[in-house]
Structure formats: C-alpha cells, structure tokens
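Participant: From the sequence below, what's the structure:
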Amino acid sequence: MEAPSIGGVRVRQGDGQTVRLRRGASLTDLAEKIGVEPASLVQVLFHLGEMVNATQSVADDTLQVLGAELNYNIEVVSPEDEDRELLESFDIEFGENEGGEEDLAPRPPAVTVMGHVDHGKTKLLDALRNTNVVAGEAGGITQAIGAYQVATVVDDLERKITFIDTPGHEAFTAMRARGAKSTDIAVLVVAADDGVMPQTIEALNHAKAADVPIVVAVNKIDKEAADPVKVRGQLTEYGLVPEEYGGDTMFVDVSATARTGLDQLLEAIVLTADASLDLRANPDMPAQGVAIEAHLDKGRGPVATVLVHRGTLHTGDSIVAGSAYGRVRALINDQGETVDAAPPSMPVQVLGLTSVPGAGDNFLVVEDDRMARQIAEKREARQRAAMLAKTTRRKTLDQLFEQLAKGETQELRLILKGDSAGAVEALEDALLQIDVGDEVDLRVIDRGVGAITETNVSLAAASDAVIIGFNVRPQGKATQLADAEGVDIRYYSVIYSAIDEVEAALKGMLKPIFEEKTRGQAEIREIFRSSKFGVIAGCMVIDGSIRRNAKARLLRDGVVVSETSIASLRREKDDVTEVREGFECGVTLHNFSDIRIGDIIETFEMVEKPRD
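Facilitator: Prediction:
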C-alpha cells in the first residue's frame, strides 16, 4: 500500500503491525524490517524536521514518531528482553530453571545498606566487619560499591550475611538502584539526630521498587540530639510502620561508633529473611550472578567484584560478564584470600577477564571460551548502539540553521576516565542530567576505567574535548602530549565537584578559579623504617622539585592512592626545605605509610587564576 506523499517522498504504509527493534537501531535496521529503502526513510525524517543519516543510531522517540507517520507500531526492545533473546539463541536460560526442590540448598541473604549521605552506612559496616573504609574515602563519602560477608549466631546456629555497601550521595542514584536489584533485604540507615532526609526517601523508593523487605537501622543513638522516636514517626508516614506500633517493619537502634545494637541488627536481618523469603539456590549448576563493581588493576588486569546468585563459580570456568569475557584465573574473597570456588551469595573478586565489565552487568558461566567471546561481542555491539542513541542529541532543522548562522556549534564534549566502572557510570548519568537550556549541548564521546592514556588525549585533541579524570592520573607521556596538543585535563576525587564545575562551565558562570600546578615528582626507590620517623621513602626526584609541607598525592600505576602532604624532607642526614630534579632524598608523608617501591610522589599547589 502506497503512502500519501510526505514532502514528495512515497513510502509504503503499514497497516498497524508491530515492528520490534533493538535500542539504538538505525534507519537501515527499520528499512530492512518493513521492506523499504533506507534513503526514503531519511527523506521522510528530513521533511519531519529531523536530520538523521541511514546508519546513525536513532533515539527511541524518533523511531516512534517515524513509525506513527508510516502507520507502524514501533516496539523498542528493552535491554533485559534483548539480552534474554540473545542468551536463548545460545540455549542458555538466565535466572530460571534452577532444578527441582531436591537441588536447592539454603544460601545467605544478600543485604544492601542504603540511606542518606553521612548517616553512617559505611561506619556501620566498619563496625560489623572490624575494618576501616571511611578513612580512605574522599570527603568521607563512599564513591565505590563493595561487598562483604559477616557471620552471626542466631538460635545457636552460625548464619552468614552478605552486605553490599552503596554510596549515599545523590549522584549515585543508578548505583543505589542497582544495589537494590542485587539484594534480598534492604537495611535503611537513618541518623537519629538528623531524621529522614531526601536520599533516605529515594533509597526507600528504590527498595520498594525492588520489592524487598526493609529493616531500619536507627544510627547515632549515642549522640545528645538523637531522637529515635521521631525517626519512627517520620518513616511511618512513608509506609514503614515499626513492629512496636503494630506494623511489620523491624527497627533497631544502633551506634556504629559506640558499637551498640550490632548483634540485634544482624539478628533482625536473619529473622526478616527467614520470615519473608525463601532463600535457596542450586549450588551445583553453572554460576550466574551480577558484577557489583569493576576496575582496572595494572598488575592483575581487569578485576570484577561479583555476587553469585545461583550455582558455584570455580577457578577455570569460562565466564561472560556484560561485554567482557574470559577464563577465571583466580577468585579472591572479601578478606583478600584466594579461594577455589564461590557458592551462592558469596562476593568475590574475579581475575582473568579480557576487559572491564560494567557495574551491574550480569555474569554467567558458559561451556567454553568461544561461546563466551561470541556472547560478549554481540552484547558489546548492542551496548554501543544503545549508548550512541542515548548520547546523540536530536537536532532539528531549525536548530541546525541557527547554528549555521552563528558559524559554530555550541557543544561541550567530554571524555570520562575513572577508577571504577560504577563511578564512571554515576558521573556520566549525573552530567547528562544537567539542564542548561538549549544554548549548549553536553556530549560524552568516550568513557573508560583506568589511567588517562595517550589515546584518550589524542581523541580529545581531535574532538576538541575536555578529559575528566576521577581518581585517576595520566599514564606514560599523556601529560606531555596534552600540553603539546592544548588538551584540558581536569582531576577530581569528589564526584559532585566535577558535576558542579561542568555545570558552571556550561552556564558560563565560572568565577576566578584555583588552578592546580604540579611542582615535582619523585619515584620511591627504597623504603626504610625508623622508630623515630616511621616509614621513610627513599626517593629520586625525577621532575621539578619537592618542597617540605607541600601538598602531595601518592600515585600507584597511574591511580591516586592517597592525597596528603610532605611531612619531612631530608638530604643525607640534614633536614632541607627543597630537593631538585636529579637528587635523592628521604620523604615521610603526613598520616600515610602504605607506600611501595615504584610509587610516585607528586607535589602540587593551587594557584589562583582568573578565568578568561
């Protein structure tokens, strides 16, 4: 059936039939489905005011508009359905068919700790597992997601619980949502002296959307301003009614610093799991689960922290996680010990993948490396198309003519590099949500995990882009190349600093700023231990000069390990104020002693610079 002419273009009309397309499909994909020439669809969209070429990934709403114009019902397949169809083509069932009742065995509950920033989530986990995570976080804010397993005794039986720590800052909405999807029970942490806050409500909504039982930990009850009763009253308004008020939600008063109420919290989690959930899995099937976090380690390669949902993950298994694949070379538990197998609900780090998977990607064990590679390659192609559709801003003819009249396109292009996949994802999501009107566009042209490389700098130079490094530094000659090419590299250790500055740059409202100037670099050649001075780094100054009391950061394989300052500086046996390039010196760092041979000490200062 011929369509009435659309701007002089005749395209065969449909009769309302449904056409299924993957996310990020091109006009060529649609043309193949409905049996027309791609060029005719390009012309139809042109006359509808959209500039799109035949092979470009097209946004979902553009496909819907085009379908409605041609009398087709365009159905964009969700990523979950698309992935299920991909696995079905390899005869793999994901998340289903665990076998009969006799195959199922009890497993520990996976618990997500959620709540508002600075309400004590990480300190509570610290108290539960007797370690210290907060001290290593920039500004005391958790910016990565981790999983830990602890044991408790309930009714004279030892019960294990897997905890997933999710960041509380609002930029990490995607990571918190993913935490809720990976979990059996949510522990909502609310500070007794602060009460219910915006991210408390947001975390509560994530947990409700994931349909998981909630246990409330009322933290900081040791503070003078603590009012646990007020917290109970506030949460009652949001549908969480305490058991003592006749409801079904367990509230536990705890103090992470005073270490009170911890056993009661663990018991409440176990009792909630027993009462509300049937936590069983088949430990004998090929492992399936989710990658909670992933990063690039120069010594060990891509490292993924995974949570096994069903089956048992063994060393030597062929595994595919998102668009990454490989053979499991080693499994490391949350205590840093190498294990041979990971049963259901056990979090482990996996070594042996060919690339860094995305945080939240599903993983599964398949028959052999060949099948793993084929699944990973198809997933990667699909994700690339979906990402292009997501980051490509639609451009109408009117907008194009306006930009041509101005003689330039107002677009800020960014390349994002971070120390973990979750941080990069959270940063990208937050940046793309910045709304500064129609005058300027923001486009992320590349993203990745690990140090900033020369390839990143070359792409930035070719694309006139700015590189944002989140807890990472340049590698090799990337800094010299950036200076030569005039590429702007910005470094951040707190995510909202990056968001604020990019937003200010887009709005053109940046006031005079402080610019970081690197003053020197020294390589640690030897390590000495002294009863008087502590750990002393025997260094060779390889660039610039090192000054006493200067701000410093310790770099390991291009990644920032710590930000500190130079506590003391010695040359031979003398205290000195400065050591220049080519000379050896002894350095101690302020409140930091975890140094290794080969680490780089970089000193810098902040210089006030008016923005042009």
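
Participant: any idea which strand is longest in the protein?
Facilitator: Ranked by number of residues, the top strand in the chain under DSSP state E is strand 513-530.

Participant: what's near enough to touch Arg413?
Facilitator: 443-445, 463-466 (C-beta atoms under 8 Å, 6 or more residues apart in numbering). Just so you know, the C-beta spots here come from the backbone N, C-alpha and C atoms, and that holds for glycine as well.

Participant: Just checking: what are the partner strands of the helix or strand hosting it?
Facilitator: Element membership for Arg413 (DSSP states H and E) is strand 411-418. Within its sheet, and counting by DSSP bridges, strand 411-418 is paired with strand 441-449 (parallel), strand 466-470 (parallel).

Participant: now the stretch 351-500 of the chain, which segments are flagged as low pLDDT?
Facilitator: Residues of the stretch 351-500 of the chain that meet the criterion pLDDT under 70 lie in 386-410, 436-440.

Participant: swap that for the chain, sorry
Facilitator: 1-12, 14, 79-80, 93-100, 131-146, 166-181, 386-410, 436-440, 507-513, 610-612.

Participant: follow-up on the earlier one: can you put the strands paired with strand 411-418 in TSV and add distance to Val19?
Facilitator: Formatted as TSV, the strands paired with strand 411-418 follow (distance: least, C-beta to C-beta, whole Å):
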stretch	distance to Val19
strand 441-449	29
strand 466-470	39
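
Participant: Of those, flag the one that's most buried.
Facilitator: Per residue and on average, the most neighbours among these fall to strand 466-470, with a mean of 23 (mean count of other C-beta atoms under 10 Å).

Participant: Show me what the helix or strand following that one is packed against.
Facilitator: Once the chain leaves strand 466-470, the next helix or strand it forms, by DSSP H and E, is helix 478-485. Applying 3 or more C-beta pairs under 8 Å, 6 or more residues apart in numbering; DSSP states H and E, we find helix 478-485 packed against helix 454-463.

Participant: For the residue most central in space within the chain, grab phi and psi.
Facilitator: Closest to where the C-alpha atoms of the chain average out (C-alpha atoms, centre = their mean) is Gly422, at 0.8 Å. According to degrees, to the nearest 10, the main-chain angles of Gly422 amount to phi -60, psi -40.

Participant: Mind naming the longest helix for this protein?
Facilitator: What stands out as the longest helix in the chain, according to DSSP state H, is helix 369-391.

Participant: quick one: it to strand 441-449, angle?
Facilitator: Angle of helix 369-391 versus strand 441-449, following axes from the mean of the first three to the mean of the last three C-alpha atoms, to 10 degrees, is 160 degrees.

Participant: For helix 369-391, what is the distance to the chain centroid?
Facilitator: 18 Å (C-alpha atoms, centre = their mean, to the nearest Å).

Participant: which residues touch it?
Facilitator: Against helix 369-391 from outside (C-beta under 8 Å, 6+ apart): 22-26, 56-60, 79, 82-83, 86-87, 90, 318-320, 322-327, 354, 358, 366, 432, 443-445.

Participant: Of those, grab the buried ones for ChimeraX.
Facilitator: Restricted to buried positions by 16 or more other C-beta atoms under 10 Å, the ChimeraX selection for the contacts of helix 369-391 reads:
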select :22,23,24,25,26,56,57,58,59,60,82,83,86,87,318,319,320,322,323,324,325,326,354,358,366,444
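
Participant: which stretches of the stretch 51-200 of the chain form strands?
Facilitator: For the stretch 51-200 of the chain, the strands defined by DSSP state E, counting those that start in this stretch occupy 73-77, 105-106, 110-115, 146-154, 157-165, 185-191.

Participant: Tell me how far the last one lies from the chain's centre.
Facilitator: Its chain's C-alpha centre and that of strand 185-191 lie 21 Å apart, by C-alpha atoms, centre = their mean.

Participant: Sheet partners, orientation included, of that strand?
Facilitator: strand 110-115 (parallel), strand 214-219 (parallel).

Participant: CA atoms only for that strand, dumped as PDB, please.
Facilitator: The C-alpha trace of strand 185-191 is given here as PDB (Å, rounded to 0.1, in the frame of the first residue of the first chain):
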ATOM      1  CA  ILE A 185      16.900  -7.400  52.100                       C
ATOM      2  CA  ALA A 186      17.500  -3.600  52.300                       C
ATOM      3  CA  VAL A 187      18.800  -2.000  55.500                       C
ATOM      4  CA  LEU A 188      17.800   1.600  55.600                       C
ATOM      5  CA  VAL A 189      20.200   3.600  57.800                       C
ATOM      6  CA  VAL A 190      18.700   6.800  59.300                       C
ATOM      7  CA  ALA A 191      20.700   9.000  61.700                       C
END
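
Participant: Pull the residues that contact it.
Facilitator: 109-116, 118-121, 124, 180, 196, 200, 203-204, 206-207, 210, 212-220, 231, 235, 240, 265, 269, 272-273, 277.

Participant: circling back: what is the helix or strand just after the longest strand of the chain packed up against?
Facilitator: Moving toward the C-terminus from strand 513-530, the next helix or strand (DSSP H and E) is strand 534-547. On a contact count with 3+ C-beta pairs under 8 Å, 6+ apart, strand 534-547 meets strand 513-530, strand 559-571, strand 578-580, strand 584-589, strand 600-609.

Participant: Give me the sheet partners of the next helix or strand after strand 534-547 and which way each runs.
Facilitator: Taking DSSP H and E as the definition, the helix or strand that follows strand 534-547 towards the C-terminus is strand 551-556. Take DSSP bridges as the rule and strand 551-556 pairs in its sheet with strand 559-571 (antiparallel), strand 600-609 (antiparallel).

Participant: Go through the last one and flag the buried ones.
Facilitator: Of the residues in strand 600-609, 600-604 count as buried by neighbour count, 16+ other C-beta under 10 Å.

Participant: and which of those residues is nearest Gly586?
Facilitator: Checking these against Gly586 with C-beta to C-beta, the nearest one is Ile601 at 11.6 Å.

Participant: is it possible to export the strands of the stretch 51-200 of the chain to a markdown table including mean neighbour count and distance to Ile595?
Facilitator: Output for these, formatted as a markdown table (neighbours: other C-beta atoms under 10 Å; distance: least, C-beta to C-beta, whole Å):
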| stretch | mean neighbour count | distance to Ile595 |
| --- | --- | --- |
| strand 73-77 | 18 | 51 |
| strand 105-106 | 14 | 44 |
| strand 110-115 | 28 | 31 |
| strand 146-154 | 17 | 23 |
| strand 157-165 | 19 | 27 |
| strand 185-191 | 26 | 34 |
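
Participant: Ala31 in helix, strand or coil?
Facilitator: When classified by DSSP: H, G, I helix; E, B strand; the rest coil, Ala31 comes out as helix.

Participant: and it, how far is that from Ser318?
Facilitator: For Ala31, the distance to Ser318 (C-beta to C-beta, to the nearest Å) stands at 37 Å.

Participant: what's the helix or strand hosting Leu235 in contact with?
Facilitator: Here Leu235, judged by DSSP H and E, is contained in helix 228-236. Here helix 228-236 makes contact (C-beta under 8 Å, 6+ apart) with 188, 190, 192, 195-196, 204, 216, 218, 221, 242, 245, 247, 249, 251, 253.
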